[in-house]
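Q: Here is the input, now give the coordinates:
(one chain, ligands or ions: 1)
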Amino acid sequence: MAVRILNTLGRRKEELNTVIPGVVKMYVCGPTVQDLVHLGHGRTFVAFDGVARYLRLAGYDVIKVQNITDIDDKIINRANKEGRSWEDVANQYTEEYMNAISSLKVGIDMHPKVTKHIKEIIDFVSHLIEKGHAYTSPSGSVYFDVTTYPPYGELSNTKMEEWDQGEEFLKEKRHPFDFALWKAAKPGEPSWDSPWGKGRPGWHIECSTMSSRYLGERFDIHGGGADLVFPHHENERAQSEALLGPGWVRYWMHASFVTIKKEKMAKSKGNFVSLKDALSRWSPSVLRYWFLSTHYRSGVDFSDEALQEVSSALGRLKDAVAIARTTMKESSKFNSSDDDVKVQRKILQLHNEFHERMSDDFDTPGALASIHRLAGLIFSELQGKDNFLGAGMALNMFKEFNQVFGVMDEEFMGGRNMEELIDAVVQVRNLLRDRKMYELSDQVRSILAKAGVRIMDSKEGSNWRFE
Ligand SMILES: [Zn+2]
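A: Numbers count the residues shown, from 1 in each chain. Okay, the predicted model is just below:
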């Protein structure tokens with residue numbers, strides 16, 4: 001099934017046609033490590049993780065880069081305010097970010113950092129100056145001349161009046177909408193040597209530089225939060241295409257934002273929820289399910305009730321998997337009756353539907369609806385019945401679902417700690433022995449032995465090992 005993507009550039013759905021057949025090269029803008037990453041970041045990172053996982057399931061080899069902005073005004077300001085070094089601030093929040101994405105099982109192949117690519121950035125800027133797209137100022141800053149790139153505004157669908165770069169307006173800029181590629185160092189600021197004097201990179205240039213370094217001069221998907229379309233992505237595109245020519249990125253994708261009880265999340269409103277907080281209250285699977293239960297281009301609203309609902313929906317799916325498992329194990333026949341064939345047809349249909357939804361611009365809520373219909377079918381048609389083949393097909397579909405959603409890893413990859421579980425059973429057996437219920441405790445011992453666990457009793461208590 002061909003994958004179709006809604007391209008922010010042009011706002012049309014387009015069939016995925018990659019630079020290298022069978023390979024998807026993907027770049028997602030990562031965080032500025034000035035503070036804890038929040039639910040809005042989590043939403044974007046999990047959304048693009050879902051995209052990458054589905055593309056892998058669809059047979060593509062995916063290479064995914066997500067950068068870390070480890071130098072920025074906000075990092076410097078925080079460091080000054082707290083009397084720490086900027087490196088200290090950046091390291092702390094990089095670690096927090098890495099912990100959060102690894103808890104959320106977001107797969108990323110490379111995490112390039114700006115400060116490790118200063119030389120490449122300087123080269124990129126130098127080439128832009130050579131080609132007449134950028135100019136230096138007397139203070140030692142370098143700006144991109146927006147008028148040298150006629151398609152400017154196409155990606156964000158904006159006009160000149162709207163091109164507010166959110167940068168200080170400096171008289172040294174040729175046009176108010178030009179943006180900084182390199183910022184001359186102010187006294188006391190961290191800086192690096194460059195042909196234009198001491199300074200540091202502007203924000204946008206890092207993504208142009210690091211994406212071409214790790215993905216080549218042409219790549220397939222560029223993603224990020226919807227707030228990045230302008231100016232960040234418009235500027236990335238301008239400077240990259242000015243240097244590398246048109247067609248730098250094939251598909252631009254943007255994930256919408258998170259609201260908290262219908263309000264925009266903001267520190268000033270006191271409704272800022274960090275991923276760290278969220279992960280202390282909800283399991284990574286519940287959070288992933290919640291992030292993916294809304295289409296990536298739609299806003300998603302956070303509330304305890306919504307998470308509670310998601311948690312029971314996920315529980316229902318896990319119940320269905322358990323029933324399908326039991327049916328497979330306990331089934332005594334391998335042949336199917338006519339009724340069973342009907343169930344299998346329905347499962348096949350749902351399986352198709354799942355892929356149809358996912359390949360249509362990664363419609364995760366649509367795909368979830370098919371998987372819930374599968375669960376319904378298991379409860380009504382498989383539970384207590386001897387349909388070995390139907391159960392096998394259902395489990396296969398759940399497995400594919402989990403490859404994309406990543407919310408039932410315990411069910412499919414044995415993520416629970418086996419030793420803890422065995423310890424628990426041995427403790428139950430000890431309770432039986434304390435009450436002198438030796439017949440039962442012997443039965444527990446032989447059940448464990450069948451599962452390959454040998455119990456060794458002594459005066460000090462019971463020990464166990466794998467056979
Ligand atoms: Zn970026």
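
Q: What is the burial count for the residue in the stretch 351-467 of the chain that the ion sits nearest to?
A: Residue nearest to the ion within the stretch 351-467 of the chain: residue 362 (20.4 Å; CB to the ion). Quick note: C-beta positions are derived from backbone N, CA and C, even for glycine. By other CB atoms under 10 Å, the residues close to residue 362 number 26.

Q: same thing with residue 435?
A: Around residue 435 there are 10 other residues, counting by other CB under 10 Å.

Q: Next, give phi and psi for it.
A: For residue 435, the backbone dihedrals (degrees, to the nearest 10) come out as phi -90, psi 10.

Q: before we move on, back to that, for residue 422, see how far away the residue of the stretch 351-467 of the chain closest to the ion is.
A: When distance is defined by CB to CB, to the nearest Å, residue 362 is 40 Å away from residue 422.

Q: Distance-wise, check the residue of the stretch 351-467 of the chain closest to the ion relative to residue 253.
A: Distance, residue 362 to residue 253, by CB to CB: 9 Å.

Q: Residue 136 too?
A: 35 Å.

Q: Give me the more crowded residue out of these two.
A: Taking other CB under 10 Å, residue 136 and residue 253 do not tie; residue 253 has more neighbours (24 against 18).

Q: Who are the contact partners of the more buried one?
A: Residues near residue 253 by CB atoms under 8 Å, 6 or more residues apart in numbering: 5-8, 48, 51, 221-223, 296.

Q: What residues sit buried inside stretch 344-361?
A: If you call a residue buried by 16 or more other CB atoms under 10 Å, then stretch 344-361 has these buried ones: 344, 346-347, 350-351, 353-355, 357-361.

Q: And for the residue of the stretch 151-300 of the chain found nearest the ion, the neighbour number?
A: Closest residue of the stretch 151-300 of the chain to the ion, CB to the ion: residue 207 (3.2 Å). Counted with other CB under 10 Å, residues neighbouring residue 207 total 27.

Q: a strand runs through residue 25, doesn't it?
A: Yes: counting by DSSP: H, G, I helix; E, B strand; the rest coil, residue 25 is part of a strand.

Q: so what's it closest to, chain neighbours aside?
A: Nearest residue to residue 25, sequence neighbours excluded (CB to CB, 6 or more residues apart in numbering): residue 219, at 3.9 Å.

Q: ok, what's across the strand from the one you found?
A: residue 249 (DSSP bridges).

Q: What is the neighbour count of it?
A: 24.

Q: so how far is residue 106 from it?
A: Residue 219 is 19 Å from residue 106, where distance means CB to CB.

Q: same thing with residue 217?
A: 26 Å.

Q: what do you get for residue 418?
A: From residue 418 to residue 106 the distance is 26 Å (CB to CB).

Q: Which one's more surrounded, these two?
A: Ranked by neighbour count (other CB under 10 Å), residue 418 and residue 106 place residue 106 first, with 24 against 10.

Q: wait, doesn't the more buried one sit right on residue 43?
A: No: if you go by CB atoms under 8 Å, residue 106 and residue 43 don't touch, sitting 11.2 Å apart.

Q: so where's the stretch 301-450 of the chain shaky on pLDDT?
A: Scanning the stretch 301-450 of the chain for pLDDT under 70 picks out 332-336, 414-416.

Q: The ion contacts on that one?
A: The stretch 301-450 of the chain has no residues near the ion, with proximity defined as CB under 5 Å from the ion.

Q: pretty sure residue 173 is in a helix, no?
A: No: checked against three-state DSSP, residue 173 lies outside a helix; its state is coil.

Q: what are the bridge partners for the closest residue to it other than its chain neighbours, then?
A: Using CB to CB, 6+ apart and skipping the chain neighbours, the partner closest in space to residue 173 is residue 143 (5.5 Å). Residue 143 has the following beta-bridge partners by DSSP bridges: residue 135, residue 180.

Q: Residue 143 against residue 183, yeah?
A: No: using CB under 8 Å, residue 143 is not in contact with residue 183; the gap is 9.8 Å.

Q: Neighbour count: these two, which is higher?
A: The neighbour comparison of residue 143 against residue 183 (other CB under 10 Å) goes to residue 143, with 25 against 22.

Q: Please name the residues that touch the more buried one.
A: Residue 143 makes contacts with 134-135, 137, 172-174, 178-181, as judged by CB under 8 Å, 6+ apart.

Q: go with 6 Å
A: By CB atoms under 6 Å, 6 or more residues apart in numbering, the residues touching residue 143 are 135, 173, 178, 180.

Q: Determine the set of other helices and strands touching the strand or helix carrying residue 75.
A: According to DSSP states H and E, residue 75 maps onto helix 73-82. The contact analysis (3 or more CB pairs under 6 Å, 6 or more residues apart in numbering; DSSP states H and E) places helix 73-82 against helix 86-103.

Q: Pull the number of nearby residues for the residue in the stretch 1-150 of the chain that the ion sits nearest to.
A: Residue nearest to the ion within the stretch 1-150 of the chain: residue 29 (3.3 Å; CB to the ion). Neighbour count of residue 29, defined by other CB under 10 Å: 22.

Q: Likewise for residue 375?
A: Neighbours around residue 375, by other CB under 10 Å: 22.
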